[in-house]
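Asks: what would the 3D arrangement of this be:
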Amino acid sequence: MCIHYVFIINSLQLNYCVAWLVICTFPFLCRNFLTQLRYVDEGIKEVEKVIREYYGDDGKTTFLMTSDHGMTDWGSHGSGDDHETQTPYVVWGAGINTIYNGGTSDPATLSMSLDHRLDLNQADLAPLMSTILSIPVPVNSIGEVRIELLNMTLSNKALAVYSNSRQLAAQYNKKRLDIETDAISYIYQPYNPLTRDKYDEIISFTEKLVLEENFEQLILFSEEIIRLSLAGLRYYHNYYQGPLLILVTLSFMGWIAYLLKIVLTQKINVDPGSPNFKRTLRFYGVPVTELLNIIFSILCFTSFCIVCVQNLPMQYYVYFLMPILLWWYALSPLHVWIKAIRKLKENKSTYTLFVEIISYIVGSFAMGLSFTYRWMLSIPLLGMAVWPFMSSSGKHLNKKLLPAWSCGCLALSIFSFMPVVGKNVYIELVVIAGLFWLAMIAIYTKSVLLNKRKDKDEYRREIILNIIQMVLLIISLQNIYVQSKRFDNGTPVSTWYQIIAWFIAVLCFIIPVTFSRRLICRLFALNTSILNFYLLLSVSHEGLFMVALILNIMSWIYIEFKLLRLKNVKIIECSFESEQDDKKGGFPVIERSINNEDFRRAFFFILYIILAFFGTGNIASLNSFEVRWVTCFITSFHPFVITTLILLKTLAPFLVVACGFRAVQCLTKAPVGYLNIVVLMYSNIMGIHLLYKVKNTGSWLEIGTSISHYVIVQVITLFIVLINQIARLMTDFSSYSFVKRLLKTRKKYE
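Replies: Presented below is the predicted three-dimensional model:
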């Protein structure tokens, strides 16, 4: 048992490390768990006995037992659950009053005694201990002393509350002076309930009450000072929050405008140096470009002065100047925007364009909300389901494809309402997902590949490889089921089955590159391998989600192919051709201009990316993963191996989405760089929303999750670039072609 002793003046602090280790080590309510808790209780009892005997049981010792946080029944303490944030404290001894509160009702603690319960905030313990020890309250404490707990005379209680109020009032006054001293007087907004004059007045009045020994009034007045001081501290702590949020929002909007300018420049082919525009752009005889430069220069100078005069930290120069510089750069030159507006006026489908813009903005905000409420993903998915029926594109799609697409989108939306994948195991759902995909491979092999086997040897090779993948998937399903049942029955997990799982996992990364680069063949191979590996790490309905995601993306690819309206071309004939192959074949690599359909494709892509993660989980679910996830591979505790497997499982849906998007790019010849710019625009719209969701109060989970969501949105574009490069490698590389080139090069040098 680990006990640390820390002496502070005449207080003895004991830190029971074993109490923290117990629930992390042993399952909830098991024999070892209960034994260790009894051991801790006996230890506390023994410590009390020793201390009382040492001081001769003089009745001058106060005992306080508490904890900094609680835990769930599976050993987690970072999710903000009541079991983690509500912790008991037990205080007894000298100076402590016995609480009688038999009327308290709390359904969560019916089994506990409520007769002596008084709830307080964790910060309130600091002034309580200071009062018991007769020392000043810590300078930065924001706790309130609770006189109900004190067994003292009225005068001592009043002086304790008075001391607490003066400490908080001094802390408030220091914070107020920090802001008020350097603030510009005509824009400064003081905290009206406790201005400088009111502060001086209440301090004088409380000192008068102390001299008059009017203790009842002193208690009431001091409690009001505490309330006002705490509210004032929050006000001045967040004094610049509003202006900073506005400035950052303007920066986001300026950045989006700049990105849109880049896209418009490529779309309408504007020459920034065109002399014609420079001659015509005038405002009351003054060139608009010069007028724009003058306005933004004045704004920059004014912002610089505002920050400098108030002696604000250096980073405030960035906050104030960034939106001005971004908008300056976004609006210059004005030629692009003027020509874009003219093009828009000439466009007869302005109403349709307006509806599309509103839909993308609403969809982006829905995706931002999905970080907190997963079911919000169903809104853009519903929009995707009805899109072909509301758009002119629907007339180019056959009647079988339309309902398949809509049903796929609705099926995906169902998963956003389902529970997060955690410790509940439904291994039958994993097996069903695998069997369903086996049926899909069999149908694809029979209806597509077998009909082509007489044309080329390439198809015969792919039929054999498909059969190998089917056999591996069957072995994996048998492995998953047997290992799960062994674990449930308490039977040791088979080491041979784990070796087979590792062998299959390695083959899953190798087999896809042995297929040809024909688009459909390579995609089916990649999706089968990714799904096989994913199922080995699945315990519940996430396998079905993965199958639904793959089928929906395959439907999207087929829709994009149909919308191209290519005559005498079948999708089975399309390939993942790299730029090097095009150059070798004598074809110039020409990048077409971006169009409205590319905005839709980019929106679908980023929605699939968000769905790939939040479809079955969230950030907290990664923090509290279930050991059953890795049973097929490992059962002993190897944190690096387990972490790698969990990260690969998390990455698997993203690879499916990225490979599908790579197929869409190859079919539509979409400009990849500009698509990434459009994705960045959508992520910044989400960023504006999530910026206002960042919290600085609440549980660890609430604060950490809000920050994590904001950071994820900011780095999502970098992640997309990385995942797209991995997808390009997985779709473009062919081991068969590589070996042929290698042998040809070898013959050349022999």
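
Asks: what mean pLDDT does stretch 467-475 have?
Replies: The average pLDDT within stretch 467-475 is 94.

Asks: oh sorry, the question was meant for stretch 609-618
Replies: Model confidence over stretch 609-618, given as mean pLDDT, is 82.

Asks: mind exporting that stretch as PDB, just the C-alpha atoms?
Replies: Extracted C-alpha coordinates of stretch 609-618, given in PDB (Å, rounded to 0.1, in the frame of the first residue of the first chain):
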ATOM      1  CA  ILE A 609     -14.900  11.400 -44.000                       C
ATOM      2  CA  ILE A 610     -16.900  12.700 -41.000                       C
ATOM      3  CA  LEU A 611     -19.200   9.700 -41.300                       C
ATOM      4  CA  ALA A 612     -16.200   7.300 -41.400                       C
ATOM      5  CA  PHE A 613     -15.400   8.300 -37.800                       C
ATOM      6  CA  PHE A 614     -18.600   9.400 -36.100                       C
ATOM      7  CA  GLY A 615     -20.700   6.800 -37.800                       C
ATOM      8  CA  THR A 616     -20.000   4.200 -35.000                       C
ATOM      9  CA  GLY A 617     -18.000   6.100 -32.400                       C
ATOM     10  CA  ASN A 618     -16.700   9.400 -31.000                       C
END
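
Asks: helix, strand or coil for the nearest residue to residue 536 once chain neighbours are set aside?
Replies: Excluding its sequence neighbours, the residue lying closest to residue 536 (C-beta to C-beta, 6 or more residues apart in numbering) is residue 632, at 4.7 Å. Where C-beta positions appear, they are placed from N, C-alpha and C, glycine not excepted. State at residue 632, reduced to three classes by DSSP: H, G, I helix; E, B strand; the rest coil: coil.

Asks: show me what contacts residue 632?
Replies: By C-beta atoms under 8 Å, 6 or more residues apart in numbering, the residues touching residue 632 are 479, 480, 483, 497, 498, 501, 536, 537.

Asks: which of those residues sit farthest apart?
Replies: Spanning the widest gap among the contacts of residue 632 are 497 and 537, at 14.3 Å by C-beta to C-beta.

Asks: any weak-confidence spans in the stretch 101-250 of the chain?
Replies: Applying pLDDT under 70 to the stretch 101-250 of the chain picks out residues 101-116.

Asks: rerun at 50
Replies: Scanning the stretch 101-250 of the chain for pLDDT under 50 picks out the ranges 102-103.

Asks: which residues of it fall in helices?
Replies: Assigned by DSSP state H, counting those that start in this stretch, the stretch 101-250 of the chain shows helices spanning 125-133, 154-182, 196-212, 215-237, 241-268.

Asks: looking at these, which is buried most?
Replies: Highest mean neighbour count of the helices of the stretch 101-250 of the chain: helix 125-133, a mean of 21 (counted as mean count of other C-beta atoms under 10 Å).

Asks: now it against helix 154-182, angle please.
Replies: Orientation check (axes from the mean of the first three to the mean of the last three C-alpha atoms, to 10 degrees): helix 125-133 against helix 154-182 gives 130 degrees.

Asks: keeping just the C-alphas, turn helix 125-133 into PDB.
Replies: C-alpha atoms of helix 125-133 as PDB (Å, rounded to 0.1, in the frame of the first residue of the first chain):
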ATOM      1  CA  LEU A 125     -12.600  22.600   0.400                       C
ATOM      2  CA  ALA A 126      -9.700  25.100   0.300                       C
ATOM      3  CA  PRO A 127     -11.400  27.900   2.300                       C
ATOM      4  CA  LEU A 128     -12.900  25.200   4.700                       C
ATOM      5  CA  MET A 129      -9.400  23.800   5.500                       C
ATOM      6  CA  SER A 130      -8.000  27.300   5.800                       C
ATOM      7  CA  THR A 131     -10.700  28.200   8.300                       C
ATOM      8  CA  ILE A 132     -10.100  25.100  10.300                       C
ATOM      9  CA  LEU A 133      -6.300  25.800  10.400                       C
END
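
Asks: now do that helix against helix 215-237, angle only.
Replies: For helix 125-133 against helix 215-237, the angle by the same axes, to 10 degrees is 140 degrees.

Asks: how far away from the center of its chain is helix 125-133?
Replies: Centre-to-centre, helix 125-133 and its host chain are 39 Å apart (C-alpha atoms, centre = their mean, to the nearest Å).

Asks: picking up where we left off before, the helices of the stretch 101-250 of the chain into a markdown table, with extra columns for distance to residue 712?
Replies: Output for the helices of the stretch 101-250 of the chain, formatted as a markdown table (distance: least, C-beta to C-beta, whole Å):
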| stretch | distance to residue 712 |
| --- | --- |
| helix 125-133 | 36 |
| helix 154-182 | 33 |
| helix 196-212 | 43 |
| helix 215-237 | 26 |
| helix 241-268 | 16 |
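
Asks: so where's the protein uncertain?
Replies: Using pLDDT under 50, the chain drops low at 1-11, 15, 102-103, 278, 582-589.

Asks: can you give me the strands in it?
Replies: Ranges of strands in the chain, per DSSP state E, are 3-8, 11-16, 62-65, 90-93, 282-283, 286-287.

Asks: surely residue 601 meets residue 669?
Replies: No. Assessed by C-beta atoms under 8 Å, residue 601 is found out of contact with residue 669, at 11.7 Å.

Asks: and the two? Which one has more around it.
Replies: residue 601 (21 against 12; other C-beta atoms under 10 Å).

Asks: got the contact list for the closest residue to that one other than its chain neighbours?
Replies: In space, and not counting its chain neighbours, residue 601 is closest to residue 664: 6.0 Å by C-beta to C-beta, 6+ apart. Residue 664 is in contact with 556, 557, 560, 601, 605, 670, counting by C-beta under 8 Å, 6+ apart.

Asks: ok, those vs residue 200, which is closest?
Replies: For the contacts of residue 664, with residue 200 as the reference and C-beta to C-beta as the criterion, the closest is residue 605, at 61.5 Å.

Asks: show me what contacts the closest residue to the closest one other than its chain neighbours?
Replies: Spatial nearest neighbour of residue 605, chain neighbours left out: residue 661 (4.9 Å); criterion: C-beta to C-beta, 6+ apart. By C-beta under 8 Å, 6+ apart, the residues touching residue 661 are 601, 605, 608, 724, 727.

Asks: repeat for residue 260
Replies: Contacts of residue 260 (C-beta under 8 Å, 6+ apart): 330, 681.

Asks: so how far is residue 99 from it?
Replies: 63 Å (C-beta to C-beta, to the nearest Å).

Asks: do residue 469 as well
Replies: If you go by C-beta to C-beta, the gap between residue 469 and residue 99 works out to 68 Å.

Asks: ok, those two, which is more surrounded?
Replies: Counting neighbours by other C-beta under 10 Å for residue 469 and for residue 99 shows that residue 469 has the greater number, 24 against 14.

Asks: what about the spatially closest residue to the more buried one that is not a sequence neighbour, neighbour count?
Replies: Nearest residue to residue 469, sequence neighbours excluded (C-beta to C-beta, 6+ apart): residue 528, at 4.8 Å. Neighbourhood size, residue 528 [other C-beta under 10 Å]: 25.

Asks: check contacts around residue 528.
Replies: Taking C-beta under 8 Å, 6+ apart, one finds 437, 441, 466, 469, 473 in contact with residue 528.

Asks: could you measure from the first one over to residue 181?
Replies: This means residue 437. Taking C-beta to C-beta, one finds residue 437 at 68 Å from residue 181.

Asks: next one: the second one
Replies: Summarising the geometry, the distance separating residue 441 from residue 181, computed by C-beta to C-beta, is 73 Å.

Asks: try the third one
Replies: Separation of residue 466 from residue 181 (C-beta to C-beta): 75 Å.

Asks: with the fourth one instead?
Replies: Here the criterion is C-beta to C-beta. By it, residue 469 lies 72 Å from residue 181.

Asks: can you give me phi and psi for residue 692?
Replies: phi -80, psi 0 (degrees, to the nearest 10).

Asks: is it true that it touches residue 242?
Replies: No. When contacts are counted by C-beta under 8 Å, residue 692 is not listed as touching residue 242 (10.9 Å).
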